[in-house]
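Novice: Give the three-dimensional model of this entry:
(2 chains)
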There are 2 protein chains.
Amino acid sequence: MTMTSRKIELFVPAITPFAADLSVDTARFVAHAKALIAGGAHGLAPFGTTSEANSLSVTERMAALEALVEAGISPQQLIPGTGCCAAADTITLSEHATRLGCRGVLMLPPFFYKGVSDAGVFDAYAHVIEAVGPDLRVYLYHIPQMSGVPITLLLIERLIDAYGAQIAGLKDSSGDWDNTAAVIAAFPQIDTYSASESLIPENAAKGGAGCISASSNVNPGGIRALIDRLNGPEHHALHHQVSQVRKIFEGLPLIPAIKSAVALQKDDNHYARVRPPFTVTGLEHADAVAEAVRVAR
Amino acid sequence: MTMTSRKIELFVPAITPFAADLSVDTARFVAHAKALIAGGAHGLAPFGTTSEANSLSVTERMAALEALVEAGISPQQLIPGTGCCAAADTITLSEHATRLGCRGVLMLPPFFYKGVSDAGVFDAYAHVIEAVGPDLRVYLYHIPQMSGVPITLLLIERLIDAYGAQIAGLKDSSGDWDNTAAVIAAFPQIDTYSASESLIPENAAKGGAGCISASSNVNPGGIRALIDRLNGPEHHALHHQVSQVRKIFEGLPLIPAIKSAVALQKDDNHYARVRPPFTVTGLEHADAVAEAVRVAR
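Specialist: Below you'll find the predicted structure:
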């Protein structure tokens, strides 16, 4: 059965640390990335939502990705986000990642225009896939609460019909488990990730591929332990631990709070900086952030 | 009184024509732009929503803007859109437009992240304004149904407090007249544009500055006639004409339909092309598009 043969993995949408002038702090970016892998992550999905990717320019994203590879992280452990509003930018980033040998790219649909048709979103993906060529592997990024442009079942079907194994997976950040379950059931040939580690047991049981979760920046060890012992007697306790951490962050401004927690873990306030339109986590959330760090591992 | 002294103007968010390979068709872009000015527009707001600006790269936008200036359109008649997700891109475009001598720039807030605070959006605008410098004039772009990030009254107030006359205006594309009226009443010192020509009488009576409307690509002459005779006996008939055209487009996929109408007016199908995620207007809308063109002038 599909559900037992698929490897369950954690890919971390690594935060992007910034210097005092808000430029990308490459040294801290690399240090955090290496710590995540050492801490249990199977790989990284840098330049996702949690990474503030959409606040980075194309050149910033390419330079930071190269820094990860130069630091010795295997490109096969990297699924960088590449989806921009303008196809030219998405193509540039996707070609770059493919040339570097990345496992694939996590691709948002063009997300400024709302109420567009599946046919139009298909055209957008097709345009990029054909421009980059057959080496590209696409992980579709379903995050309608931010993008406003859902990745529907019909769209996935059309893309798989047209591009086969080039459609490698999907990240479902909708928070709608019924949707994730429907994607896994309809398309067992692709890797479907949940955006919450709390859903790993259901995701794995259904035949999914694991999770790509914001809070895995803070709790990679806990999530990895759950994945490794999903069938063991400790799984209830391990699931409780990851859900506890997740739940704390769900009550906070998510991305600033994740960065504050990483800063606290590393005792290095530089990690807490965010680019506008985010603002640094307020003191009123300091106790909650500290509690998340206390529970995390 | 403010309301009688302000000049009422039409700025057209000029469509961006594409060649068969979907590259920007600069010759048709310039030809359409010049025709709009000749047809009655006071100026252009290229690279707005209707221009598919968010489907264009930074370099495409700069090249196309330069083509307008080189073609003899006065930069003082140009308010190009420059707001991107990444501040670096917004700064590049805004510096470029300012250096060219444009009247100002129409600036979206960073629009990927939703649910952000006014303080964060203020920081985003402040970062760009301070990077570009004192020659920049900003027209704030309120289009929450696309951006997901509203420009609130409190945000406008904070920006004017901090940057005075550098905050030159606002385009209200929300379709919420009460909001437009509130902005005009609270901030008479800035130019507030409606996104619908149907609202020009109310906008002018309240002290607004006119309109920046998608359908003005098709009906610049009608809208200009209304503006020029707002106090004349013909104003009812003129208002009826512009509202008729507007209403037809409101029932269609807006941007593809506007481009199809321009193609029909010019008897040149090249103008109908769109970039994904849009699709070319379907035949089922051909009659409505033809009717809009028949009524337009």
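Novice: tell me the SS of A:Glu60?
Specialist: For A:Glu60, the assignment made with DSSP: H, G, I helix; E, B strand; the rest coil gives helix.
Novice: In contact with it: list those residues for me.
Specialist: Contacts for A:Glu60 (CB atoms under 8 Å, 6 or more residues apart in numbering or on different chains) come out as A:Val24, B:Ala86, B:Ala88. All C-beta atoms are positioned from the backbone trio N, CA, C, and that covers glycine.
Novice: Inside helices: which ones of those residues?
Specialist: Per DSSP state H, helices hold the following members of those: B:Ala88.
Novice: need the contacts of A:Glu60 in JSON lines with pLDDT and distance to B:Ala35, can you?
Specialist: Output for the contacts of A:Glu60, formatted as JSON lines (pLDDT from 0 to 100; distance: CB to CB, whole Å):
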{"residue": "A:Val24", "pLDDT": "98", "distance to B:Ala35": "44"}
{"residue": "B:Ala86", "pLDDT": "98", "distance to B:Ala35": "33"}
{"residue": "B:Ala88", "pLDDT": "98", "distance to B:Ala35": "34"}
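Novice: Between the contacts of A:Glu60, which sits nearest B:Leu140?
Specialist: Using CB to CB, B:Ala86 is the member of the contacts of A:Glu60 that lies nearest B:Leu140, at 18.5 Å.
Novice: who's in contact with the closest one?
Specialist: Counting by CB under 8 Å, 6+ apart, B:Ala86 makes contact with A:Asn54, A:Ser55, A:Leu56, A:Ser57, A:Glu60, B:Pro110.
Novice: Need phi/psi at it.
Specialist: Dihedral pair for B:Ala86: phi -90, psi 130, per degrees, to the nearest 10.
Novice: quick revisit: just the closest of the contacts of B:Ala86 to A:Tyr193, please.
Specialist: Ranked by distance to A:Tyr193 (CB to CB), the contacts of B:Ala86 are led by A:Asn54 at 19.3 Å.
Novice: Now do the helices in chain A.
Specialist: Assigned helices in chain A, in chain order: A:2-5, A:26-38, A:58-70, A:87-100, A:118-132, A:144-147, A:153-163, A:177-186, A:200-206, A:220-228, A:235-250, A:254-266, A:286-295 (criterion: DSSP H).
Novice: buried residues in the third one?
Specialist: Along helix A:58-70, the positions that meet the burial threshold by neighbour count (16 or more other CB atoms under 10 Å in any protein chain shown) are A:Val58, A:Glu60, A:Arg61, A:Met62, A:Ala64, A:Leu65, A:Ala67, A:Leu68, A:Val69.
Novice: Compile those into CSV and extend it with columns for pLDDT.
Specialist: CSV is the format used below for these (pLDDT from 0 to 100):
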residue, pLDDT
A:Val58, 98
A:Glu60, 98
A:Arg61, 98
A:Met62, 98
A:Ala64, 98
A:Leu65, 98
A:Ala67, 98
A:Leu68, 98
A:Val69, 98
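Novice: between these, which is nearest A:Ala204?
Specialist: Set against A:Ala204, the nearest of those by CB to CB is A:Leu68 (27.2 Å).
Novice: quick one, what contacts that closest one?
Specialist: By CB under 8 Å, 6+ apart, the contact list for A:Leu68 reads A:Phe29, A:Val30, A:Ala33, A:Leu44, A:Pro46, A:Leu78.
Novice: which among these gets closest to chain B?
Specialist: The nearest member of the contacts of A:Leu68 to chain B, counting by CB to the nearest CB, is A:Pro46 at 15.4 Å.
Novice: End to end on stretch A:98-117, go ahead and measure it.
Specialist: Using CA to CA, to the nearest Å, one end of stretch A:98-117 lies 28 Å from the other.
Novice: try stretch A:70-78
Specialist: 13 Å.
Novice: Could I get the pLDDT score of the residue of chain A positioned farthest from its centre?
Specialist: What lies farthest from the middle of chain A is A:Pro233; by CA atoms, centre = their mean that is 28.7 Å. Note for A:Pro233: predicted pLDDT of 94.
Novice: closest to B:His127 out of the helices of chain A?
Specialist: B:His127 sits nearest to helix A:58-70 of all the helices of chain A, at 14.8 Å, using CB to CB.
Novice: And that closest one, how far out from the chain middle?
Specialist: Centre-to-centre, helix A:58-70 and its host chain are 17 Å apart (CA atoms, centre = their mean, to the nearest Å).
Novice: Specify the angle between it and helix B:87-99 in degrees.
Specialist: On the basis of axes from the mean of the first three to the mean of the last three CA atoms, to 10 degrees, helix A:58-70 is oriented at 150 degrees to helix B:87-99.
Novice: about what we covered before: adding distance to B:His239, write the helices of chain A out as CSV.
Specialist: CSV is the format used below for the helices of chain A (distance: least, CB to CB, whole Å):
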stretch, distance to B:His239
helix A:2-5, 63
helix A:26-38, 57
helix A:58-70, 45
helix A:87-100, 40
helix A:118-132, 34
helix A:144-147, 38
helix A:153-163, 42
helix A:177-186, 46
helix A:200-206, 57
helix A:220-228, 61
helix A:235-250, 50
helix A:254-266, 47
helix A:286-295, 55
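Novice: Confidence-wise, which of these is weakest overall?
Specialist: Among the helices of chain A, helix A:2-5 carries the lowest mean pLDDT (a mean of 51).
Novice: now A:Ser260: how far from B:Ala86?
Specialist: Here A:Ser260 is placed at a distance of 23 Å from B:Ala86 (CB to CB, to the nearest Å).
Novice: For the stretch 101-250 of chain A, what lies in contact range of chain B?
Specialist: Contacts of the stretch 101-250 of chain A with chain B, taken as CB under 8 Å from any CB of the partner chain, map to A:109-114, A:116-117, A:119-121, A:123-124, A:126-127, A:145-149.
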